[in-house]
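Asks: When you get a sec, could you give me coordinates for this:
(2 chains)
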2 protein chains.
Amino acid sequence: MADTSKDIEELIGIMARLPGLGPRSARRAVLTLIKKRGALMRPLAETMARVAESARECVNCGNIGTGDLCEICMDVRRATGEICVVEDVADLWAMERGQAFKGRYHVLGGTLSALDDVGPEDLRIPKLRARMADEGITEVILALNATVDGQTTAHYIADELAPTGVTLSSLAQGVPIGGELDYLDDGTISAALRARKSL
Amino acid sequence: MADTSKDIEELIGIMARLPGLGPRSARRAVLTLIKKRGALMRPLAETMARVAESARECVNCGNIGTGDLCEICMDVRRATGEICVVEDVADLWAMERGQAFKGRYHVLGGTLSALDDVGPEDLRIPKLRARMADEGITEVILALNATVDGQTTAHYIADELAPTGVTLSSLAQGVPIGGELDYLDDGTISAALRARKSL
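Replies: Residues are numbered from 1 along each chain as shown, chains lettered A, B, ... in the order given. Sure thing, here's the model as predicted:
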């Protein structure tokens, strides 16, 4: 009898370790799951087991897929000679949602950080350099976060790739679509002013 | 190949239906799960499948357990002649965390609501009345939420149980432990004043 309570407690404990959930919200989520165990909990458990079994990192770009190569690296239409360098798979997903980029990606899995002892090898930067020749890359777009660590990493990659002669670019900085000047920070406003476009 | 992406999308979709999670936080949670699939995702999927398989409502009190009767209803030490009536299993868990109540529970599963077409039968109130004689109950503690619906339900149950002659009580209302008067609403302060205790 005590086993279910133990399982439920364990379930709450694991759920509470997910980002965005704490012990209290995990309890609420588990209770909802138990109440809707046919419609919600069983499908969730099955899908989760399936993904846990099949998901793995693409050896080429670091994206998540089922095989050794992800869908994007398998797709010859994505071999446009462009590589977009992102920090994390979440950033890759965000770029894909934008549907503006037609090339391939390279997921670093973090940023350079002396404090956390993260070096170029941890970030798959040697692999990125190797891809330049292997895939005939002509342009590398650095879509790293506009944070200190992100920009440090961008500079390092730019230095590393300079000898290969590929075109390097980074995402434009400026006023976000729908943004109001009054709510923007000074740095963004001055960056937008410096990069102003003639109409 | 496309299957994993579909599974991941499905997983995000199901996770987003949990209370406290939206599409964005579900995506973040799923990404964390995939990154820690050995340590986090597989145990979570297994525990979830186990709970989905074994969890069911106690036919006596409405609590969640594995068998037809929950642990509390099976435990003879909890047969103190007291029943605590709560709205939801979450409230039962909250009471159990308090470790102050030694009797049994009765989970209504909601509150009376003419608008939502919830009547006494939906709330297991006939079952509660039957338990009075079956379990030799002497006191019923109404631990319902201090909301309009909760109090309406409490009044209804009090009227229903009055002929059985059991003692009826409700949780005390007043200043919460650690509460500051300045932050309390007027209703709570006046309730606490009316129910003041001599020292």
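Asks: among the helices and strands of chain A, which has the poorest mean pLDDT?
Replies: Within chain A, no helix or strand scores below helix A:2-15, which has a mean of 82 by mean pLDDT, DSSP states H and E.
Asks: So what's the residue count around residue A:159?
Replies: The number of residues packed around residue A:159, counting by other CB atoms under 10 Å in any protein chain shown, is 10. In this view, the C-beta of every residue, glycine as well, is placed from N, C-alpha and C.
Asks: So what touches the helix or strand containing it?
Replies: Element membership for residue A:159, per DSSP states H and E: helix A:148-161. Residues outside helix A:148-161 that contact it (CB atoms under 8 Å, 6 or more residues apart in numbering or on different chains) are A:85, A:87, A:108, A:111-113, A:120, A:123, A:125, A:128-129, A:132, A:140, A:142, A:144, A:168, A:170.
Asks: Which of these are buried, as a PyMOL select command?
Replies: Buried subset of these, written as a PyMOL selection, criterion 16 or more other CB atoms under 10 Å in any protein chain shown:
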select buried, chain A and resi 85+87+108+111+112+120+123+125+128+129+132+140+142+144+168+170
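Asks: What are the phi and psi values at residue A:197?
Replies: Here is the backbone geometry of residue A:197 (degrees, to the nearest 10): phi -110, psi 140.
Asks: same question, residue A:109
Replies: phi 80, psi 20.
Asks: just the strands in chain A please.
Replies: A:56-57, A:64-65, A:82-86, A:104-107, A:139-142, A:167-170 (DSSP state E).
Asks: closest one to residue A:38 among the ones you listed?
Replies: Residue A:38 lies closest to strand A:64-65 among the strands of chain A, at 29.1 Å (CB to CB).
Asks: packing partners for that closest one?
Replies: strand A:56-57, helix B:2-15 (3 or more CB pairs under 8 Å, 6 or more residues apart in numbering or on different chains; DSSP states H and E).
Asks: Reformat the ones you listed into JSON lines and put distance to residue A:38 and mean neighbour count next to each item.
Replies: Formatted as JSON lines, the helices and strands packed on strand A:64-65 follow (distance: least, CB to CB, whole Å; neighbours: other CB atoms under 10 Å in any protein chain shown):
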{"stretch": "strand A:56-57", "distance to residue A:38": "31", "mean neighbour count": "16"}
{"stretch": "helix B:2-15", "distance to residue A:38": "13", "mean neighbour count": "18"}
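Asks: so which of those gets nearest residue A:46?
Replies: Residue A:46 sits nearest to helix B:2-15 of all these, at 9.7 Å, using CB to CB.
Asks: For residue A:71, see how far away residue A:86 is.
Replies: Residue A:86 sits 16 Å away from residue A:71, going by CB to CB, to the nearest Å.
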